[in-house]
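Colleague: structural data only, the sequence is not supplied:
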């Protein structure tokens, strides 16, 4: 599959230090947030304080006359509706952030509050306030059917049923969404905190009604995105319009509060699952009845830009006969966006919880049950590999059998992800002094793009990485598309390799030297003077692969008096295809796991059903995993050069929460049915307090999801 | 403070320092020292009122005296980033919840987002820009690079700043001290395991991983 890569690499699959680490540890790295063109103003956005309202009029006149204020704009003409707490209404640009804040406060509005609904279950009910007037809150059901499910359940040896739910998770990259934009002249420059410079360019050009070639988007550094930073966004468009109106550059970075409300999240899910197996543990039937909300757009055509509420159940397992009916439910909340492996963590939590319940019913070891039912060759071996590393056989005990007040337990879960490459392009410039610049219009979102580009170029050109400078994040570079879907490394690496191959050929021809190794490199390059060589390259089939699998195992301690869960250890075995740079790939895996711990135990967006207001829009109450919460992480990154380059950023985060949830159930002998597993839920489960998931009118949900759109099992929408 | 004491004493976060400056009057009154409380009140009454308009302030940043005019409501972080171009300290939460804006005030880590610039006058302020001013990386920074203790890098200056203060006070800091120094810092990319390893190595325990 990947004959193109060298058999005995010198730089590939090793530990090249992150090439921009020096700038990051000294504070010199310049993010969109740090760029400060001369005369730069500060932008801010006025947001809805109502979860639903008709804005009848907005008076900008007082704000316009305030000290330091240079531009005030309406986001959308009034009268209009707002559909969630935090929706954008107007924006200002002023000389200082304080003046901008004052001006925002001086904008007067007349609005009529409307009925609203922020709870997904409430929004299902007949007579619930409609998020879009005259429209149902429910999307058409998406139904998948394979075989006769009722018959298969009747014939099954063991059947379990359970209802689980997952929360809304907010991306919260540490650098908030935003841009610094200079649209004061004809040539527009936008420094964006983005995962997709090209789509930002399109968005800004469209908003200002200028040709694409008048807009340059730059992104030297960006402080994280996790799927929420692809387009120009309402805040990007507002920033560009403010800059044009003020005739000066404007920086508009959202606050943490704003980031919590309006720039994406992972939809929640409520799942009623039925799973059946024969007496050998082979799965024979699966049924999912589910719903979830991707925010206000959930019932409409735009289900959140790649972040719809559907989940790819039963995810990694092979079940011959299956049925799944799901609906999206609109609520008065900010829209979802793609979030690190969209759909997969909730799907994993549902099916892996069901697998463990089934294992108990069958009297089987959970790892054994998974091996029997795993259709993927690599992962079906990883279960045993992970179990050996983790010491599963010694650690796994009957659920609830751990003695004492603080009980220990173990759990496991698996992941799959495509991680394939697509049409990136890159170029390589070889200078007469022997140095090389590699350019690609991709982004470095913390995934070490510049570093793996350097590795690939050093390997292909046969020169030291020190001679190479990799540059990304500029729309004047060859285009590469957005950094999402774990596609960046498998897309960019082949393009860089191709460009380097072409550059080598051109250098041989121009210099007349065919052996470019060792001292010949500088000799050949010197013959180029005064002009450099520039060669282009494209992603090619065969250098990248797809279809990665991974297995994680978790060990936890649960204090049955306080309900506190501590994760003690995570073991992770991950297929990485051709591992391009081990050092930075390890960091990606750690990061996915640590984010998964947050999903398991801490993170949840809470909306108040009475006021419709977000209750925890800050890092004190929306809790991220901290260093103290981070357990021992044992990684096995499986390097399989023959499979080509595969992206691994997303699968890393998928199974962590499922494995932790199963470990908690194993420790205490009862299952907490929803994420995050907070101490109160643990104590309720121990006291046999019925979980909210059990009181959902699932019969009514089933009648709502019974009719709908049939989804072809081979439809791309469901393939991840 | 002698060196031994520095090493042995648990690393302190600077909230205590804040309480000390904010509440001497209350503290004195609570302790029943009425004379002292009266003296504090008289002292504060004698202080010149500033604002709401911009007033001149003088700050000592990385050993240099900077004079500028800002409104009293302007934070130290705002001054560093928007007035003098030291953008290494980041605003992430604006609520002292994440540590990305950490600077050293008289050598102690504080959240610059929660301190008014006027209140930082007369104190030495050291930012990430002042930590390797010569351009030469400190051993902590070198270990961060070597262990890949950073990803997107947005939280990194904050971690480096707090850990620098720790290692200056306790060059052989224990894991517990490192954890405590990092306790006010959040990272969304998930670099904690490697931050811990890098800090351990900088504290002279390279092999312990």
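Modeller: Perfect, I can see it now. These figures come from a predicted structure and were not determined experimentally.

Colleague: I'd like the average pLDDT over stretch A:514-534.
Modeller: Mean per-residue pLDDT for stretch A:514-534: 96.

Colleague: how long is that stretch end to end?
Modeller: This stretch, stretch A:514-534, spans 18 Å end to end (CA to CA, to the nearest Å).

Colleague: please list the residues of the stretch 301-450 of chain A that sit near chain B.
Modeller: A:445, A:446, A:447, A:448 (CB under 8 Å from any CB of the partner chain). (Each C-beta comes from the backbone N, C-alpha and C, glycine too.)

Colleague: the same query, at a cut-off of 6 Å, please.
Modeller: For the stretch 301-450 of chain A, the residues in contact with chain B (CB under 6 Å from any CB of the partner chain) are residue A:446.

Colleague: where do the strands of the stretch 301-450 of chain A begin and end?
Modeller: For the stretch 301-450 of chain A, applying DSSP state E, counting those that start in this stretch gives strands covering A:321-328, A:406-417, A:425-430, A:436-439.

Colleague: and if you look at chain B?
Modeller: B:55-61, B:64-70, B:102-105, B:108-111, B:124-126 (DSSP state E).

Colleague: most neighbours per residue, which of those?
Modeller: Comparing these by mean neighbour count (mean count of other CB atoms under 10 Å in any protein chain shown), strand B:102-105 comes out on top with a mean of 26.

Colleague: pretty sure residue A:541 is one of the things residue A:423 touches, is it not?
Modeller: No: applying CB atoms under 6 Å, one finds residue A:423 not in contact with residue A:541, separated by 10.4 Å.

Colleague: need phi/psi at the closest residue to chain B within chain A.
Modeller: Closest to chain B within chain A is residue A:27: 2.1 Å, counting by CB to the nearest CB. Main-chain dihedrals, residue A:27, degrees, to the nearest 10: phi 80, psi 10.

Colleague: can you give me the end-to-end span of stretch A:149-164?
Modeller: By CA to CA, the extent of stretch A:149-164 from end to end equals 21 Å.

Colleague: list the buried ones in it?
Modeller: Of the residues in stretch A:149-164, those buried by neighbour count under the rule 16 or more other CB atoms under 10 Å in any protein chain shown are A:149, A:152, A:153, A:156, A:158, A:159, A:160, A:162, A:163, A:164.

Colleague: what does chain A put close to chain B?
Modeller: Counting by CB under 6 Å from any CB, chain A sits next to chain B at A:17-18, A:21, A:24-27, A:29, A:34, A:173-175, A:223-224, A:256, A:446, A:583-584, A:587, A:590-591, A:594-595, A:618-620, A:624, A:627-628, A:630, A:633.

Colleague: what about burial for those, which qualify?
Modeller: A:17-18, A:21, A:24-27, A:29, A:34, A:173-175, A:223-224, A:256, A:446, A:583-584, A:587, A:590-591, A:594-595, A:618-619, A:624, A:627, A:630, A:633.

Colleague: and residue 140, how many neighbours?
Modeller: Since you didn't name a chain, this refers to chain A. Residue A:140 has 13 neighbouring residues, counting by other CB atoms under 10 Å in any protein chain shown.

Colleague: correction: the question concerned chain B.
Modeller: 24.

Colleague: hang on, isn't it packed against residue B:202?
Modeller: Yes: using CB under 6 Å, residue B:140 is in contact with residue B:202, at 4.2 Å.

Colleague: what do these two both touch?
Modeller: residue B:167 (CB atoms under 6 Å, 6 or more residues apart in numbering or on different chains).

Colleague: please, which helix or strand holds the nearest residue to residue A:168 once chain neighbours are set aside?
Modeller: In this structure, residue A:168 finds its nearest non-sequential neighbour in residue A:605, 4.1 Å apart by CB to CB, 6 or more residues apart in numbering or on different chains. Residue A:605 is located outside every helix and strand, with elements delineated by DSSP states H and E.

Colleague: from residue A:259, how far out is residue A:605?
Modeller: 12 Å (CB to CB, to the nearest Å).

Colleague: leaving out the residues flanking it, which one is nearest to the residue in chain B positioned nearest to chain A?
Modeller: Using CB to the nearest CB, residue B:88 is the residue of chain B that sits closest to chain A, at 2.1 Å. Using CB to CB, 6+ apart and skipping the chain neighbours, the partner closest in space to residue B:88 is residue A:27 (2.1 Å).

Colleague: and residue A:4, by the same measure?
Modeller: residue A:543 (4.9 Å).

Colleague: one more: residue A:580?
Modeller: In space, and not counting its chain neighbours, residue A:580 is closest to residue A:452: 4.5 Å by CB to CB, 6+ apart.

Colleague: mind listing what the one you found touches?
Modeller: A:489, A:580, A:581.

Colleague: what is the mean pLDDT for the helix or strand containing the first one?
Modeller: Under the criterion DSSP H and E, the helix or strand holding residue A:489 is helix A:488-511. For helix A:488-511, the mean per-residue pLDDT is 97.
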